[in-house]
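1. fold the following.
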Amino acid sequence: MDIQNDKSMRGLLALCILASAVVGSVFGYYGGLLSKSSGPSVANPAGLTRNIFSNDSESVKVVDIVKKYSPAVVSIVATKDLPVIEQYNVNPFGSFCNDPFFSQFFGGCDYQVPQYRQNGTQKQEVGAGTGFVVAENGLILTNRHVVDVQGAEYTVIMSDGKKYPAKILARDPIQDLAVMKVEAVGLATVKIGNSDKLQVGETVIAIGNALGQFSNSVSKGVISGLSRSITASSGNSSEKLDKVIQTDAAINPGNSGGPLINLNGEVIGINTAIVSGAQNLGFAVPINMAIKDIKDVQVTGRISYPYLGVRYVIVSAEIKNKNNLSVDYGALVARGQTVSDLAVIPGSPASKAGVKENDVILEIDGKKINAENILAEIIQSKKVGDKISLKILRDNDQISLTVVLEENPSTK
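-> I've put the predicted structure just below:
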């Protein structure tokens with residue numbers, strides 16, 4: 001009986017050992033897989049993904065770009081002397097307030113009516129925006145609407161907190177751009193890129209004085225669209241902006257005038273407008289449009305544009321049929337809605353060259369005028385004093401005229 005029990009016990013013990021070995025092997029195999037995939041290990045005891053930025057080169061680039069170029073991004077504050085209004089109280093009954101009758105029904109001299117009066121003036125903040133340094137000697141680029149407060153004084157605040165009074169050198173009458181200057185040397189500057197090479201989907205970074213309170217705020221997004229046309233409003237004024245960049249990088253009030261930067265660390269746009277009530281919808285003026293302004297200010301101290309001096313409509317199928325034209329492209333020189341909206345401005349370069357109402361300008365320097373090649377954009381790409389050749393359709397005959405472009409009177 002003892003021997004049999006002993007054999008049974010040894011058999012049971014062997015079975016347990018075998019079962020333990022099998023179970024241990026199974027758990028050891030799957031445990032190894034788990035430890036390799038996501039489980040805790042000696043090297044990574046918390047079980048976290050090791051070095052979450054190891055393959056995120058874009059995030060590293062963004063951090064490096066922000067560190068490098070944030071010192072060149074400035075806050076712009078507009079201040080103005082405004083009346084200080086104070087409140088005081090008076091009793092409308094004057095000396096009658098002491099009369100017992102008035103005291104009974106109106107509370108006597110305790111009855112007071114608020115009145116207001118001016119007590120001098122005080123400098124108050126009336127606007128805020130962003131700009132960025134484009135030259136070490138203190139030349140700063142921003143939006144025109146940021147520095148368009150009548151009678152205001154402007155202060156530039158650097159990223160390190162230093163403040164400089166700023167002078168407006170020029171405001172662009174065509175684009176929402178302005179150039180200003182502070183008296184400083186050796187300032188950090190941005191790197192200017194080429195906005196003509198942009199592609200939809202590129203990653204971009206916006207830096208600016210968000211809401212006029214949070215300087216050097218950073219947001220990241222992509223270029224959502226190119227060559228957009230929008231009507232931007234600021235205060236009581238509005239203007240049409242063409243060929244602007246659309247981005248989903250967060251742009252808030254106060255970001256206006258700040259740089260839009262690509263992953264090469266190059267400024268490719270100037271943050272300009274947002275759509276009220278929309279999300280992830282902002283716009284920036286391409287930097288190539290601002291390069292001309294910067295060079296103009298550096299060379300001549302102001303911004304100037306050439307002009308032709310005609311009012312026109314682009315020829316479409318409807319315009320062709322309505323005016324019985326033999327072409328379906330070009331710019332028809334035509335009057336506006338009012339008597340004063342002349343087709344050709346007297347004394348303008350077009351007038352001097354002999355351009356007439358109802359002429360169709362077909363080409364400028366061999367470039368055909370149509371919805372893609374707009375006359376105004378071609379003229380703006382020229383310089384004051386340039387000679388241009390116009391191919392014109394007049395009474396079904398084609399003629400050529402030479403025009404010498406002059407400075408737009410609105411920029412003088």
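2. from here on, just use CA atoms for contacts and neighbour counts.
-> Fine.
3. bridge partners for residue 206, pull those for me.
-> residue 219, residue 260 (DSSP bridges).
4. contacts only, for it.
-> Each residue near residue 206 by CA atoms under 8 Å, 6 or more residues apart in numbering is listed here: 218-220, 249-251, 258-261, 271.
5. per-domain residue ranges of this protein.
-> The chain is divided into the following domains under automatic domain parsing: 54-82+116-303, 306-411.
6. residue 90 is nearest to which of these?
-> Distance to residue 90, taken as CA to CA, is lowest for domain 54-82+116-303 among these, at 10.3 Å.
7. so what's the residue count around the residue lying closest to residue 331 once chain neighbours are set aside?
-> The spatial neighbour of residue 331 that comes closest, neighbours along the chain excluded (CA to CA, 6 or more residues apart in numbering), is residue 314 at 4.5 Å. Counted with other CA atoms under 10 Å, residues neighbouring residue 314 total 20.
8. quick one, what contacts residue 314?
-> 329-332, 369-371, 374.
9. re earlier: can you pick the most crowded of the contacts of residue 206?
-> residue 259 (34 neighbours).
10. that one is in contact with residue 267, isn't it?
-> Yes. Under the criterion of CA atoms under 8 Å, residue 259 makes contact with residue 267 at 5.9 Å.
11. check which residues of the helix or strand containing residue 164 are buried.
-> Using DSSP states H and E, the element containing residue 164 is strand 163-171. Residues of strand 163-171 classed as buried: 164, 166-171 (neighbour count, 16 or more other CA atoms under 10 Å).
12. and for stretch 179-187?
-> 179-182, 187.
13. residues contacting the nearest residue to residue 334 once chain neighbours are set aside?
-> Leaving aside its chain neighbours, residue 334 sits nearest to residue 343 (4.7 Å; criterion: CA to CA, 6+ apart). Residue 343 is in contact with 310-312, 333-336, 356-357, counting by CA under 8 Å, 6+ apart.
14. also residue 368?
-> Contacts of residue 368 by CA under 8 Å, 6+ apart are 329-330, 362.
15. what bridges to it?
-> With DSSP bridges as the rule, residue 368 is bridged to residue 363.
16. tell me how far the spatially most central residue of the chain lies from residue 146.
-> Closest residue to the average C-alpha location of the chain: residue 271 at 1.3 Å, with CA atoms, centre = their mean. As for residue 271, its distance to residue 146 is 11 Å (criterion: CA to CA, to the nearest Å).
17. who touches both of these two?
-> 256-257.
18. any stretches of the stretch 1-150 of the chain with poor pLDDT?
-> Within the stretch 1-150 of the chain, the stretches with pLDDT under 70 are 1-56, 82, 91-111, 121.
19. for residue 342, phi and psi?
-> phi -70, psi 150 (degrees, to the nearest 10).
20. sorry, that was for residue 295
-> According to degrees, to the nearest 10, residue 295 has phi -70, psi -40.
21. shouldn't residue 191 be in contact with residue 266?
-> Yes. Residue 191 is within contact range of residue 266, at 5.0 Å (criterion: CA under 8 Å).
22. more neighbours: those two, which one.
-> residue 266 (21 against 15).
23. and the gap between the more buried one and residue 77?
-> Residue 266 is 25 Å from residue 77, by CA to CA.
24. and what of residue 185?
-> Residue 185 is 21 Å from residue 77, by CA to CA.
25. keeping just the C-alphas, turn the lengthiest strand in the chain into PDB.
-> With secondary structure taken from DSSP state E, the chain has its longest strand at strand 113-135. Extracted in PDB, the C-alpha atoms of strand 113-135 (Å, rounded to 0.1, in the frame of the first residue of the first chain):
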ATOM      1  CA  VAL A 113     -27.800 112.600 -11.300                       C
ATOM      2  CA  PRO A 114     -24.600 111.400 -13.000                       C
ATOM      3  CA  GLN A 115     -22.700 113.900 -15.200                       C
ATOM      4  CA  TYR A 116     -19.600 113.500 -17.300                       C
ATOM      5  CA  ARG A 117     -16.700 115.800 -18.200                       C
ATOM      6  CA  GLN A 118     -13.300 115.600 -19.800                       C
ATOM      7  CA  ASN A 119     -10.300 115.700 -17.500                       C
ATOM      8  CA  GLY A 120      -7.300 116.000 -19.800                       C
ATOM      9  CA  THR A 121      -5.900 113.300 -22.100                       C
ATOM     10  CA  GLN A 122      -4.000 110.100 -21.600                       C
ATOM     11  CA  LYS A 123      -2.000 107.800 -23.900                       C
ATOM     12  CA  GLN A 124      -4.000 104.700 -24.500                       C
ATOM     13  CA  GLU A 125      -3.500 101.600 -26.600                       C
ATOM     14  CA  VAL A 126      -5.700 101.700 -29.700                       C
ATOM     15  CA  GLY A 127      -4.200  98.800 -31.700                       C
ATOM     16  CA  ALA A 128      -1.700  95.900 -31.700                       C
ATOM     17  CA  GLY A 129      -0.200  93.700 -34.300                       C
ATOM     18  CA  THR A 130       3.000  92.000 -35.400                       C
ATOM     19  CA  GLY A 131       6.000  92.600 -37.600                       C
ATOM     20  CA  PHE A 132       9.400  91.100 -38.400                       C
ATOM     21  CA  VAL A 133      12.800  92.500 -38.900                       C
ATOM     22  CA  VAL A 134      14.100  92.300 -42.500                       C
ATOM     23  CA  ALA A 135      17.400  94.300 -42.100                       C
END
